[in-house]
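Student: only geometry, no sequence info:
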DNA sequence: AGCACA
């Protein structure tokens, strides 16, 4: 059971101008990081472990590597340290003999406004601006725009004072903002659906860049990259059609730095995710795409 | 100008 639905997903990225840095003492580290979880620990378990602690604000589980790493942000350094001590050597799971270790982090956990530990660290840039910084083909890790979002790497702790744990703490995804756009005429497209097809990608297009671009988009679910000789294509699934439509429009022609063809072409997929049953049953020779199921009215 | 996976 998935419970009562998604708790607090932000349906759309916050507009620019959020999180005024002057409001908070940014110098004070009030984040702890926690190790020792069993490999199957869930982010929700971390949240539920900490949510009643005084001053708890947000947490996040990082699943790089063998064992999950938890990060938790508190309202003050004192609250963070108290929680750190409370968690120290806590037996998390008797079956797997998992004992937690906690330390102060080097940097504070970066939390998107309104999101507490939901694990999507990729930042959105202001899509309405259609940043056109062509000339600069340096991959930007973080938007060049009005608000520079810190790369997730910036808050990954350096693990000092403890045995060499996961010093290889890498970000799961490095957010990538397109450096610019080229006009893209989209000749034949398909009816809107929850899956986008990405074309006009060169053979050495980096999957990491694509993931950096798309995984932070609102409603992103999963993506798959396909190499086809000197072409690369990519499928991106979204939670709903509206999310796909937004990205289809906003990122059309966005420049993919690792591609040698400039802008990407975004189309709706012919075979969207989650439709297998439908189109398998529609073998009556009728027009594909016309389904008998009605989702509206 | 290229549409996989369930």
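Tutor: Perfect, I can see it now. Keep in mind the model is a prediction, meaning the values are calculated, not measured. Numbering: from 1, shown residues only, chains lettered A, B, ... in the order given.

Student: tell me where the stretch 151-297 of chain A has helices.
Tutor: Using DSSP state H, counting those that start in this stretch, the helices of the stretch 151-297 of chain A run over residues A:207-214, A:241-250, A:276-281.

Student: burial-wise, tell me which of these comes out on top.
Tutor: Mean neighbours per residue, mean count of other CB atoms under 10 Å, is largest over the helices of the stretch 151-297 of chain A for helix A:207-214, with a mean of 20. All C-beta spots, glycine's among them, are computed from the backbone N, C-alpha and C.

Student: angle of that helix against helix A:241-250?
Tutor: 110 degrees (axes from the mean of the first three to the mean of the last three CA atoms, to 10 degrees).

Student: in the stretch 51-200 of chain A, which residue sits nearest DNA strand B?
Tutor: Closest residue of the stretch 51-200 of chain A to DNA strand B, CB to the nearest atom of the strand: residue A:199 (2.2 Å).

Student: neighbours around the closest residue to residue A:209 other than its chain neighbours, how many?
Tutor: Nearest non-adjacent residue to residue A:209, counting by CB to CB, 6 or more residues apart in numbering: residue A:258, 4.8 Å away. Using other CB atoms under 10 Å, the number of residues around residue A:258 comes to 16.

Student: also residue A:252?
Tutor: By other CB under 10 Å, 18 other residues sit near residue A:252.

Student: so it touches residue A:185, yeah?
Tutor: No - look at residue A:252 against residue A:185 with CB atoms under 8 Å: they stay out of range, at 9.7 Å.

Student: before we move on, back to that, tell me the pLDDT of the residue of the stretch 51-200 of chain A closest to DNA strand B.
Tutor: For residue A:199, the model assigns a pLDDT of 97.

Student: how about residue A:67?
Tutor: On the pLDDT scale, residue A:67 gets 86.

Student: and what of residue A:274?
Tutor: For residue A:274, pLDDT reads 89.

Student: one more: the one 10 residues further on?
Tutor: Here, the pLDDT recorded for residue A:284 equals 41.

Student: show me what contacts the residue nearest to residue A:96 when sequence neighbours are not counted?
Tutor: Nearest in space to residue A:96, with sequence neighbours left out and distances taken as CB to CB, 6+ apart, is residue A:38 at 4.2 Å. Counting by CB atoms under 8 Å, 6 or more residues apart in numbering, residue A:38 makes contact with A:67, A:92-93, A:96, A:98.

Student: 6 Å instead?
Tutor: A:93, A:96, A:98 (CB atoms under 6 Å, 6 or more residues apart in numbering).

Student: got it, and residue A:37?
Tutor: Contacts of residue A:37 by CB under 6 Å, 6+ apart are A:67-68.

Student: quick one: the strands in chain A?
Tutor: Secondary structure of chain A (DSSP state E): strands at A:31-35, A:56-62, A:69-74, A:91-93, A:98-99, A:101-104, A:195-201, A:220-228, A:231-238, A:265-268.

Student: and the third one, which strands flank it?
Tutor: According to DSSP bridges, strand A:69-74 forms sheet pairs with strand A:31-35 (antiparallel), strand A:56-62 (antiparallel).

Student: and among the ones you listed, the most buried is which?
Tutor: Sort these by mean neighbour count, taking mean count of other CB under 10 Å, and strand A:31-35 sits at the top with a mean of 25.

Student: unless I'm mixing things up, the residue nearest to residue A:209 is touching residue A:205, no?
Tutor: Yes - using CB atoms under 6 Å, residue A:258 is in contact with residue A:205, at 5.2 Å.

Student: just to revisit the earlier point, what sits against the residue of the stretch 51-200 of chain A closest to DNA strand B?
Tutor: Contacts of residue A:199 (CB under 6 Å, 6+ apart): A:233, A:265.

Student: from residue A:109, how far out is residue A:216?
Tutor: 17 Å (CB to CB, to the nearest Å).

Student: apologies, that question was intended for residue A:36.
Tutor: Residue A:36 is 18 Å from residue A:109, by CB to CB.

Student: mind splitting chain A into its structural domains?
Tutor: A:10-173, A:195-271 (automatic domain parsing).
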